[in-house]
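# What would the 3D arrangement of this be:
(one chain, ligands or ions: 2)
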Amino acid sequence: MSSVQEQQVLEALTRVMDPDLHRNIVSLGFIKNMQIQGGEVSFTLELTTPACPVKEQLKQQSIDVVAAIPGVTKVQVQLTAQVRATQHKVATDLLPAVKNVIAVASGKGGVGKSTTAVNLAVALSQSGASVGILDADIYGPSLPRMLNIAGKPAQSEETGKLLPPVAHGMKVMSMGFFMEEDTPVVWRGPMVGMAVEQLLRDVDWGELDYLVIDLPPGTGDAQLTLTQKVPITGVIIVSTPQDVALSDVKKGINMFKKVDVPILGIIENMSYFLCPSCGHRSEIFSHGGALREAVAAGMNFLGHIPLDTTICENADAGTPIVVALPDSPQTAVYRQIAAKVAAQVATRQFEAKQFPTIITE
Ligand SMILES: Nc1ncnc2c1ncn2[C@@H]1O[C@H](COP(=O)(O)OP(=O)(O)OP(=O)(O)O)[C@@H](O)[C@H]1O
Ligand SMILES: [Mg+2]
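Ligands and ions are numbered 1, 2, ... in the order given. As a prediction, the model looks like this:
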């Protein structure tokens, strides 16, 4: 019996499509290290993110199509991921080793932006990606409390750069590390941009797949300066379902569109209430408004996060729920959203490479 040919295996694998990138896994360059010995086939499936939402599905489909080739007796597939770097339209020497910057924004304060940013960042980190998180909310920094980090960061003797403390595998930086607690700081828009630029430039972030930035709430000057200074891959908008929050979402969408920052999608936080004792689900704020806004604006909807006391209790105690209760349904929601975000980043990079930028003015 003749041995299986590499060409046959590749041909079979062209039938496996990546549902986000709409291309087959061979043309996407995902197949690496193919080895064939008689009827035994092994290869690596190198995805664009370790948080890929369909990685097990792609692996199983690959095994199935190759196993169906006559003469194949064994198929071994190893899953790996290599996060690609986004090419920015504006050249910048800020963060040269950071592949993707994901900003988390909200039109209105207090909607759970920081809680969401922290849990998504931890979920990305737990998937195997290298992750940093920057608290750009210099008016009311919350990461020191949410991640239970105190004190000023050390400085590298060699480079003079600040060494970000590490929490749950993520590098963390916050203006809160340099401020007295409960001391309000008065910042004007341009100063915010400068302060945040320093937290990017003067911090030893090293190589990162994703840097998550918790932006200050609102869509004013401060956010505008930031989006112009920082090479943002895409922004996630967090909203609660009330009308007043949703009308601010529209403002946020318009602002980011104006400055040409891609919107990765919208999240509805405190979407519905799950009773901790009986599990009953109450739609306290007429849930689903953010989904409607997202659809109306042609935006991607990333998911609903319930209003849940375990989410705020763990955030307030300094351990994000994704770490404190890794097997809870709430954690599953954050993981699903993190996977969608990572898939969006990969999709946008791929689309940017496929199509030339068309300027219509
Ligand atoms: N899904 C949720 N369920 C329950 N409590 C939540 C949820 N999300 C956030 N919270 C709580 O709501 C409060 C506000 O959240 P958070 O600080 O994350 O909001 P924010 O949008 O970052 O606020 P700010 O505008 O002040 O930066 C916190 O006490 C937090 O623990
Ligand atoms: Mg906040």
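# May I ask you to confirm that Met270 is in contact with Gly112?
Yes: counting by Cβ atoms under 8 Å, Met270 touches Gly112, with 6.1 Å between them. Quick note: C-beta positions are derived from backbone N, CA and C, even for glycine.
# which neighbours do the two share?
Listed as contacting both Met270 and Gly112 by Cβ atoms under 8 Å, 6 or more residues apart in numbering are 240, 305.
# anything in whichever strand or helix holds Thr310 near ligand 1?
Using DSSP states H and E, Thr310 maps to helix 309-316. Yes: contact between helix 309-316 and ligand 1, assessed by Cβ under 6 Å from any ligand atom, occurs at 311-312, 315-316.
# C-alpha coordinates for that helix, PDB please?
The C-alpha trace of helix 309-316 is given here as PDB (Å, rounded to 0.1, in the frame of the first residue of the first chain):
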ATOM      1  CA  THR A 309     -23.300  40.100  43.300                       C
ATOM      2  CA  THR A 310     -20.400  37.600  43.000                       C
ATOM      3  CA  ILE A 311     -19.000  39.800  40.200                       C
ATOM      4  CA  CYS A 312     -18.800  42.900  42.400                       C
ATOM      5  CA  GLU A 313     -17.900  41.200  45.600                       C
ATOM      6  CA  ASN A 314     -14.900  39.600  44.000                       C
ATOM      7  CA  ALA A 315     -13.900  42.800  42.200                       C
ATOM      8  CA  ASP A 316     -14.100  44.700  45.400                       C
END
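# elements contacting it?
Applying 3 or more Cβ pairs under 8 Å, 6 or more residues apart in numbering; DSSP states H and E, we find helix 309-316 packed against helix 113-126, helix 143-146, helix 321-324.
# From Ile284, how far out is the residue in the stretch 251-361 of the chain that ligand 1 sits nearest to?
The nearest approach of the stretch 251-361 of the chain to ligand 1 comes at Cys312, 3.1 Å away (Cβ to the nearest ligand atom). According to Cβ to Cβ, to the nearest Å, Cys312 stands 15 Å off from Ile284.
# And what about the nearest residue to Leu307 once chain neighbours are set aside, helix, strand or coil?
Spatially, and ignoring its direct neighbours in sequence, Leu307 is nearest to Met270 (3.9 Å; Cβ to Cβ, 6 or more residues apart in numbering). What DSSP: H, G, I helix; E, B strand; the rest coil gives for Met270 is coil.
# any idea how far Val122 is from Met270?
To Val122, Met270 is 19 Å away according to Cβ to Cβ.
# which of those two has more neighbours?
Val122 (28 against 25; other Cβ atoms under 10 Å).
# Run through the residues that contact that one.
131, 168-170, 320, 322-323, 334.
# Now do it, the pLDDT please.
On pLDDT, Val122 comes in at 97.
# Spatially, which residue comes closest to it, not counting chain neighbours?
Val322 (4.5 Å).
# so the one you found sits right up against Ala332, yeah?
No: using Cβ under 8 Å, Val322 is not in contact with Ala332, being 9.6 Å away.
# Tell me which of those two has more neighbours.
Higher neighbour count among Val322 and Ala332: Val322, with 27 against 13, using other Cβ under 10 Å.
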